[in-house]
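Visitor: Model the structure of this input:
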Amino acid sequence: MHILIVDDVPENIQVAMNILKEGEHTFSFATRGGEALTIIEREAAQLDLVLLDIMMPDVDGYSVCQSVKENPATSAIPIIFLSAKSNVDALSKCFALGAVDYITKPFHAEELLARVKTHTELYRAKKLLQQSNIELSTKIKFEHRRLSSELEDNQKEMIAMLAGLMESASDETGQHIYRVSEISALLAHYHPALSADDVEVVRHAAPMHDIGKMMVPYEILHKPGRYTEEEFQQMQEHPAHAYKLLGGSGRQLIRAAATIAHEHHEKWNGKGYPRGLQGEEIHIYGRIVALADVFDALSHARSYKDAWSIEKVVAYIEDHNGTQFDPELVNIFVEHLDEFRAITHQ
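Guide: The predicted structure is shown next:
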């Protein structure tokens, strides 16, 4: 145990050291308050106790104690006052400043040894407990991150499985699902209000945008010709079906997928479906996937249509800027068109 002894009388320091050396302690010492504060700041990590006189020149023991306790780096170091003062006011002031004990001079060797042993062992125990708490907290944080990562991986795996099921059950192709995911992530990447975390959420949730089509009758979903009005109404129900399927989840990726599936057919001017949301009433994830889905769908052939040229697709998107699509997203799309075009060729 390392102890700092502070007393303006060197003989008192020597007496205390002679008594305490039986306990295999190491020592620092100071004869002035200012000197003591310098040593405490320098040796804070090694100090286990300060034995502090009250009456000293320049800076008295009260001021030293107050400075030590006000400094977060030294406030935990225990201080025992050693003083010839034995009145109640002095005693009360010492404890009020944060001292752990008070020994009146002249002191008995047994008393000094016993009190020093008690407080140094208590301080060491507190430091060990604090270190154990830090280690436990670190382990808990690591375990939380591990479990969160595992849960997120499980969500991603489940989304991939559902996307695969959707591919087999609907008119969506795996390539379209992949491209919509990458186009959406790129739009999110360039959006000034979205973070890197948002980009990854959009990337992994976007493949679920048409999961509700699994609840649309097969003969309607795969009809080669135009829909009747009744059939089109049934097709328009797939966002609501998706939300019923996914909306009850408390998991981030699944919640995002539910929002995207529910809102990616809404339009900026409020004339979309299923709820007729308008402008920023539509979640940014839904607005992103709405543009990504249309861009990729128009750029590739389907059973009921030929692929459009990239120029025709871009013209369509620009013509529907502010009506079907979010103007800010259209600007991002046009500004980085070469990057989006590259994804459509994958």
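Visitor: I'd like to know which helix or strand in this structure has the lowest mean pLDDT.
Guide: Between all helices and strands in the chain, the lowest mean by mean pLDDT, DSSP states H and E belongs to helix 109-169, at a mean of 75.
Visitor: Does anything pack onto the following helix or strand past that one? Which helices or strands?
Guide: As assigned by DSSP states H and E, the chain's next helix or strand after helix 109-169 is helix 174-190. Packing partners of helix 174-190 (3 or more C-beta pairs under 8 Å, 6 or more residues apart in numbering; DSSP states H and E): helix 109-169, helix 196-205, helix 284-299, helix 327-335, helix 337-344. Every residue, glycine included, has its C-beta placed from N, CA and C.
Visitor: Just the CA atoms of the shortest one, as CSV, please.
Guide: Pointing back at helix 337-344 there. Extracted in CSV, the C-alpha atoms of helix 337-344 (Å, rounded to 0.1, in the frame of the first residue of the first chain):
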residue,chain,number,x,y,z
LEU,A,337,-27.6,8.5,-63.0
ASP,A,338,-24.4,6.6,-64.2
GLU,A,339,-24.2,4.8,-60.9
PHE,A,340,-27.9,3.8,-61.0
ARG,A,341,-27.6,2.8,-64.6
ALA,A,342,-24.7,0.4,-63.7
ILE,A,343,-26.9,-1.4,-61.2
THR,A,344,-29.6,-2.1,-63.8
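Visitor: pLDDT of it, averaged?
Guide: The average pLDDT for helix 337-344 rounds to 94.
Visitor: for the third one, same thing?
Guide: Averaged across helix 284-299, pLDDT comes to 96.
Visitor: For it, name the packing helices and strands.
Guide: Using 3+ C-beta pairs under 8 Å, 6+ apart, helix 284-299 sits against helix 174-190, helix 196-205, helix 252-263, helix 310-319, helix 327-335, helix 337-344.
Visitor: Kindly recompute the last result at 6 Å.
Guide: Packed against helix 284-299 by the contact rule (3 or more C-beta pairs under 6 Å, 6 or more residues apart in numbering; DSSP states H and E) you find helix 174-190, helix 252-263.
Visitor: Can you say which of the ones you listed is packed in most?
Guide: helix 252-263 (a mean of 24; mean count of other C-beta atoms under 10 Å).
Visitor: got the CA coordinates for that helix in CSV?
Guide: Provided in CSV are the C-alpha atoms of helix 252-263 (Å, rounded to 0.1, in the frame of the first residue of the first chain):
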residue,chain,number,x,y,z
GLN,A,252,-35.9,-2.9,-36.7
LEU,A,253,-35.4,-4.6,-40.1
ILE,A,254,-38.8,-6.2,-40.1
ARG,A,255,-40.5,-2.9,-39.1
ALA,A,256,-38.7,-1.2,-41.9
ALA,A,257,-39.8,-3.9,-44.4
ALA,A,258,-43.4,-3.5,-43.2
THR,A,259,-43.2,0.2,-43.8
ILE,A,260,-41.6,-0.1,-47.3
ALA,A,261,-44.1,-2.8,-48.4
HIS,A,262,-47.0,-0.7,-47.1
GLU,A,263,-46.0,2.7,-48.6
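Visitor: distance between it and the chain's centre?
Guide: 21 Å (C-alpha atoms, centre = their mean, to the nearest Å).
Visitor: counting contacts, what elements does that helix pack onto?
Guide: If you count contacts as 3+ C-beta pairs under 6 Å, 6+ apart, helix 252-263 packs onto helix 196-205, helix 238-246, helix 284-299.
Visitor: any idea of the angle that helix forms with helix 238-246?
Guide: Relative orientation of helix 252-263 and helix 238-246, computed by axes from the mean of the first three to the mean of the last three C-alpha atoms, to 10 degrees: 160 degrees.
Visitor: re earlier: of the helices and strands packed on helix 252-263, flag the one that's most buried.
Guide: Of all the helices and strands packed on helix 252-263, helix 284-299 has the most neighbours on average by mean count of other C-beta under 10 Å, namely a mean of 24.
Visitor: That one vs helix 252-263, what angle?
Guide: Using the same axes, to 10 degrees, helix 284-299 lies at 60 degrees relative to helix 252-263.
Visitor: Any chance you could list what contacts helix 284-299?
Guide: For helix 284-299, contacts defined as C-beta atoms under 6 Å, 6 or more residues apart in numbering pick out 176, 179-180, 183-184, 187-188, 202, 206, 209, 256, 259-260, 263-264, 308, 313, 325-326, 329, 344.
Visitor: Then stretch 86-101?
Guide: Contacts for stretch 86-101 (C-beta under 6 Å, 6+ apart): C65, Q66, K69, P78, I79, I80, F81, Y102, T104, R115, H119.
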